[in-house]
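In: Output the structure for:
(one chain, ligands or ions: 1)
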Amino acid sequence: MSANLRPATGQPTATYDSAFLKACRREPVPHTPVWFMRQAGRSLPEYHKVREGVPMLESCTRPELVAEITLQPVRRHGVDAAIYFSDIVVPLKAIGIDLDIKPGVGPVIEQPIRSRADLARLRDLTPEDVPFVTEAVGLLTAELGATPLIGFAGAPFTLAAYLIEGGPSRSYEHTKAMMYGDPELWADVLDRLADITAAFLKVQLDAGASAVQLFDSWAGALAPADYRRSVMPASAKVFDAVEEYGVPRIHFGVGTGELLGLMGEAGADVVGVDWRVPLDEAARRVGPGKALQGNLDPAVLFAPREAVEAKTREVLDAAAGLEGHVFNLGHGVMPHTDPDALTRLTEYVHTQTAR
Ligand SMILES: Cc1c2[nH]c(c1CCC(=O)O)Cc1[nH]c(c(CCC(=O)O)c1C)Cc1[nH]c(c(CCC(=O)O)c1C)Cc1[nH]c(c(C)c1CCC(=O)O)C2
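Out: Numbering: from 1, shown residues only. As a prediction, the model looks like this:
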């Protein structure tokens, strides 16, 4: 047990004692807790209904809408945690970076960050920049009862990749050109982003979030030595900055099989694992003292029920010897996923692991 993990700001005892937070703390649980990355969003008809005519980034700034969208999957699937509805680029937009989220594409930045002069555009984030977050988290913790709310942010590397490329990328050529070619500028960019990310997480924690997840979705593009030297210090700075809250810190990336140990070392209490590495092997790579989260391939949900159950069984069997396991997908829910398959999956994990 980690004695350092304690109740969050104003958190009810029932929330502190929830299966999700207990699993994160590696305490015994009544059942394996379940939540899904991207559980709020396009797989749900009720999401499409409330989002009609509202652009993605605008929807993130309306507290009532944020609260409603965050609650939808909790009501429908009976998952063990809510994740705050937002996007990793929201804090960047809030400090004045000219960006948009293009449907079917992702975040697009009008003027990419490429030079030392551009660094000045990454100014500090204050709570006044994101009043809607404080308000929405307040609405949510009032509604959620014992269900914990997970706050989140993009990790410095993944944010830098969007800012430097100007949008989604497969090769990260501009990003890596800066990382290898101008290590001082690179370190300064990541350090600025670490401060912004930490400030954004603190706003969510001060308002009552019970855990945080740092999404380093694209860190899998890096070799371990480069991750350790050029990326890990900035992510570690973020984790250090929120340590005082005593809540679980989750660290997730895609294709990060070779980085799992380092992602734990960066300061996470829980390491997220995609579907490429079985959880027992992931536990060996991460080492003792950390819980794991994952890791059903999200595409499995397009197969018949029997196949979903068989693949879920494999995940649970691989997790059987772990000290703490939070069930999740290996990446986000895909937009065309049948929501009923997610509800059935939640029930299946709960009944299979009832103790
Ligand atoms: C890389 C990344 C982004 N955003 C995020 C990440 C890290 C997680 C991951 O690896 O998937 C994080 C994110 N984005 C969103 C959430 C919501 C909370 C949740 O339910 O998990 C979370 C946790 C909402 C969203 N963020 C986005 C949507 C879809 C936009 C819409 O509904 O109109 C949602 C629900 C847009 C977005 N924003 C981003 C992408 C790649 C896209 C998809 C573009 C597309 O395919 O249209 C950047």
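In: And the residue of the stretch 251-355 of the chain closest to the ligand?
Out: The stretch 251-355 of the chain approaches the ligand most closely through G332 (4.2 Å), counting by Cβ to the nearest ligand atom. Yep, even glycine has a C-beta here, placed from its N, CA and C like the rest.
In: Secondary structure class of that residue, three-state.
Out: Each residue gets one of three states, and G332 gets coil by DSSP: H, G, I helix; E, B strand; the rest coil.
In: Next up, the contacts around L140.
Out: Under the criterion of Cβ atoms under 8 Å, 6 or more residues apart in numbering, the contact list for L140 reads V66, A67, T70, L71, A82, Y84, L149, G208.
In: Which residue is the nearest non-sequential neighbour of the fourth one?
Out: Just to be clear, that refers to L71. Spatial nearest neighbour of L71, excluding adjacent residues (Cβ to Cβ, 6 or more residues apart in numbering): E143 at 6.1 Å.
In: Mind telling me what element that neighbour is part of?
Out: Using DSSP states H and E, E143 sits in helix 131-144.
In: now stretch 18-25: mean pLDDT?
Out: pLDDT averaged over stretch 18-25 equals 98, rounded to a whole number.
In: Just the pLDDT at the residue in the stretch 201-350 of the chain that the ligand sits nearest to, thanks.
Out: Of the stretch 201-350 of the chain, the residue with the smallest distance to the ligand, taken as Cβ to the nearest ligand atom, is S217 at 3.2 Å. At S217, the predicted lDDT confidence score is 95.
In: ok but it is inside a helix, no?
Out: No. Assigned with three-state DSSP, S217 falls outside any helix and is coil.
In: which residues does it contact?
Out: For S217, the contacting residues are I88, G154, T158, F252, G253, V254, by Cβ under 8 Å, 6+ apart.
In: go again using 7 Å as the cut-off
Out: S217 makes contact with T158, G253, V254 under the criterion Cβ atoms under 7 Å, 6 or more residues apart in numbering.
In: Next step: the residues you listed restricted to helices.
Out: The helices, defined by DSSP state H, take in T158 from those.
In: Same list, the contacts of S217, but as CSV with pLDDT please.
Out: Output for those, formatted as CSV (pLDDT from 0 to 100):
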residue, pLDDT
T158, 98
G253, 98
V254, 97
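In: now the contacts of S217 in JSON lines, with distance to P112 and neighbour count?
Out: Compiled in JSON lines, these are given as follows (distance: Cβ to Cβ, whole Å; neighbours: other Cβ atoms under 10 Å):
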{"residue": "T158", "distance to P112": "15", "neighbour count": "25"}
{"residue": "G253", "distance to P112": "22", "neighbour count": "28"}
{"residue": "V254", "distance to P112": "22", "neighbour count": "20"}
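In: now, among the contacts of S217, which is nearest to A14?
Out: Within the contacts of S217, distances to A14 taken as Cβ to Cβ reach their minimum at G253, with 31.7 Å.
In: so the closest one sits right up against Q213, yeah?
Out: No. Contact status for G253 versus Q213: not in contact, 10.9 Å apart, counting by Cβ atoms under 7 Å.
In: which parts of stretch 131-150 are buried?
Out: Residues of stretch 131-150 classed as buried under the neighbour-count rule (16 or more other Cβ atoms under 10 Å) are 132-137, 139-141, 143-144, 147-150.
In: that older thread, closest one to the ligand out of the contacts of L140, please.
Out: Within those, distances to the ligand taken as Cβ to the nearest ligand atom reach their minimum at Y84, with 6.8 Å.
In: What are the boundaries of the strands in the stretch 1-150 of the chain?
Out: Along the stretch 1-150 of the chain, the segments classed as strands by DSSP state E, counting those that start in this stretch run 82-83, 99-102, 106-109, 149-154.
In: low pLDDT regions in the stretch 1-150 of the chain?
Out: Within the stretch 1-150 of the chain, the ranges that satisfy pLDDT under 70 run 1-4.
In: returning to that earlier point: how about the helix holding E143, does it reach the ligand?
Out: No. Remark: helix 131-144 sits outside contact range of the ligand, by Cβ under 6 Å from any ligand atom, the gap being at least 12.3 Å.
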